[in-house]
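*Asks:* Let me see the structure of the following:
(4 chains)
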2 protein chains.
Amino acid sequence: MQDALIRKLESFEELSDADRAALRTFVPRVRQVSARTDLIQEGDLPGDVHLILDGYACRYKVLPDGQRQIMAFFVPGDFCDLNVFILDQMDHSIGTISPCTVAEIPRQAIENVITHHPQVTKAMMWCALVDEAVLREWLVNNGNRQADRRIAHLFCELLLRLEAVGRVSDNSYAFPFTQHDIADTMSLTSVHVNRTLQLLRGLNLITLQHRVLTILDVEQLKAYCDFNPNYLHLRNARWSGRRQVPWLSSVQGG
Amino acid sequence: MQDALIRKLESFEELSDADRAALRTFVPRVRQVSARTDLIQEGDLPGDVHLILDGYACRYKVLPDGQRQIMAFFVPGDFCDLNVFILDQMDHSIGTISPCTVAEIPRQAIENVITHHPQVTKAMMWCALVDEAVLREWLVNNGNRQADRRIAHLFCELLLRLEAVGRVSDNSYAFPFTQHDIADTMSLTSVHVNRTLQLLRGLNLITLQHRVLTILDVEQLKAYCDFNPNYLHLRNARWSGRRQVPWLSSVQGG
DNA sequence: CGACTTATTGATGCACTTCAAGCGACGTGG
DNA sequence: CCACGTCGCTTGAAGTGCATCAATAAGTCG
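*Replies:* Here you go, the predicted model:
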């Protein structure tokens, strides 16, 4: 199962045999985690690094008044906390949305790799930078678009990210989020999310039933929300041009 | 002037003599840049890395409809684009707010350091991760607080960040931002920013005149907006406990 | 089947936007 | 040295996207 890690990193940087060998020296635990369960909580010392093999998770923060803000979604193939393992203390939490299969990579192993394997280090920096680019786009999205475009934008983003890991078929993908989850992501109320989803359905842009989202007309939806995928830094040459990630194949259960 | 770079990084990680020597081998150019000038633009290939020695700058994106979203502020001592130099293409722009003194560090030098100096690499990762933590807090702030608390939160953040580099005296600091800049940061209109500033003044929380912001009662302002500084990861032990950054001393001109 | 979570719908209110106009400070050219 | 344009700040009036409150319907799971 270390292969999952190696393949993920290789999608960003070519690795040497030595790099790969080094990554194989540590054996990550693989855990099944049920839905709506925290992997790490605010205040914790960052421990092992989590890689999602299957299922959806999110990064979130809870305000003093009880409001929850979701700050990132994780889909199969994503590191949850590569970017914070180096910090002193978690300033947010990470929790599952659906049941997840999670690989846990010892922190010490990562430290070791940084010291001895610069290519691997660069690949990990790539991961972190793409994460940050997505976060920036969320700030733009939440701040400057109104609810319908905002939600459409999220749907487009998830489509591309899931496509990149082979989790989309016929423009449909698993969508285990509740309307409340979307609300906490987009800084809306679930009531308004509900009404907005009805609007998008009414425009024949999407269907969403039984936790499966279908985008009826991708180009039209992209145009609807001015979607520009450059921030995902997917680079077709890397993602589509290379092998389809084979370690991600099972179907996501809601 | 390489010392600026070394001191910045040492505030995150102890460096060896060899690390320091390596950093000294490349000579950054130091440039004066006038206010309202782009250092890099969306679409550019990331080139040299920019370190602000004096003045204020920002990271921003312009939407198709002309809306500008500011996604980060840079104050003296901040790297502007350490976090994107590795990427293929800029997905946003970086521009000055006030006149700035900027050190430009060759990209190749940074690549070199990643390969041979892991401690320096870790220090750079620290910088990037703190940037990202601030960005996350902005998402929370913009999404969940209303205008008065939101702006108060920004004032608190700038206070702490500027204090850390010795740019605050008597709870006052240079504030070269226009109300329009604040609006584009907080996803508000400048009209509403104006009214909100009047509110904060009326509550005797701040004064803001001649581009100088004074916080009249820091504790009260923090309480007003539920400010929790943990996300800045300043760690008193590192910042205040150590020497006051001596390479940042001149006064910021509006 | 019963308890609980999630989705839906309606009525009302407000934070913020939009549009529009006026004001003061500053710099520049005649 | 004053006329004039520009830019940032200020103020008012009217409109709206979304929130809030509240109740009901429709899953979903043990």
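
*Asks:* Let's see the pLDDT reported for A:Ser250.
*Replies:* pLDDT recorded at A:Ser250 is 39.

*Asks:* From DNA strand C, how far out is the residue most central in space within chain A?
*Replies:* Nearest residue to the geometric centre of chain A (CA atoms, centre = their mean): A:Phe74, 2.4 Å. Going from A:Phe74 to DNA strand C by CB to the nearest atom of the strand, to the nearest Å gives 18 Å. C-beta here means a position set from N, CA and C on the backbone, and glycine is covered the same way.

*Asks:* Surely that residue and A:Cys58 touch.
*Replies:* Yes. Between A:Phe74 and A:Cys58 there is a contact at 6.6 Å, judged by CB atoms under 8 Å.

*Asks:* Mutual contacts of those two, please.
*Replies:* Counting by CB atoms under 8 Å, 6 or more residues apart in numbering or on different chains, the shared contacts of A:Phe74 and A:Cys58 are A:Ile94.

*Asks:* Phi, psi for the residue nearest to the centre of chain A please.
*Replies:* Dihedral pair for A:Phe74: phi -120, psi 130, per degrees, to the nearest 10.

*Asks:* Now do the same contact list for the spatially closest residue to it that is not a sequence neighbour.
*Replies:* Spatially, and ignoring its direct neighbours in sequence, A:Phe74 is nearest to A:Ala57 (4.3 Å; CB to CB, 6 or more residues apart in numbering or on different chains). By CB under 8 Å, 6+ apart, the residues touching A:Ala57 are A:39, A:73-74, A:80, A:94-97, A:100, A:102.

*Asks:* Could you identify the helix or strand that succeeds the longest helix seen in chain A?
*Replies:* Ordering each helix of chain A by length in residues (DSSP state H) puts helix A:118-144 first. Counting by DSSP states H and E, the next helix or strand C-terminal to helix A:118-144 is helix A:147-163.

*Asks:* helices or strands next to whichever helix or strand comes after that next one in the packing?
*Replies:* Scanning forward in sequence from helix A:147-163 by DSSP H and E, the next helix or strand is strand A:172-174. Secondary-structure packing of strand A:172-174 (3 or more CB pairs under 8 Å, 6 or more residues apart in numbering or on different chains; DSSP states H and E): helix A:147-163, strand A:212-215.

*Asks:* Buried residues in the helix or strand of chain A with the lowest mean pLDDT, which are they?
*Replies:* Every helix and strand in chain A was compared by mean pLDDT, DSSP states H and E; the lowest is helix A:2-10, with a mean of 78. For helix A:2-10, burial by neighbour count (16 or more other CB atoms under 10 Å in any protein chain shown) applies to A:4-10.

*Asks:* ok, and for whatever helix or strand comes next after that helix, which residues are buried?
*Replies:* Following helix A:2-10 in sequence order, the next helix or strand is helix A:17-24 (DSSP H and E). Within helix A:17-24, the residues scored as buried using 16+ other CB under 10 Å are A:19-20, A:22-23.

*Asks:* Which other helices and strands does helix A:17-24 contact?
*Replies:* helix A:2-10, helix A:107-116, helix A:118-144.

*Asks:* looking at the ones you listed, which is closest to chain B?
*Replies:* helix A:118-144 (3.2 Å; CB to the nearest CB).

*Asks:* That closest one near DNA strand C at all?
*Replies:* No. Using CB under 7 Å from any atom of the strand, helix A:118-144 never reaches DNA strand C; the gap is at least 9.0 Å.

*Asks:* quick one: pLDDT of A:Ile206?
*Replies:* Looking at A:Ile206, its pLDDT reads 98.
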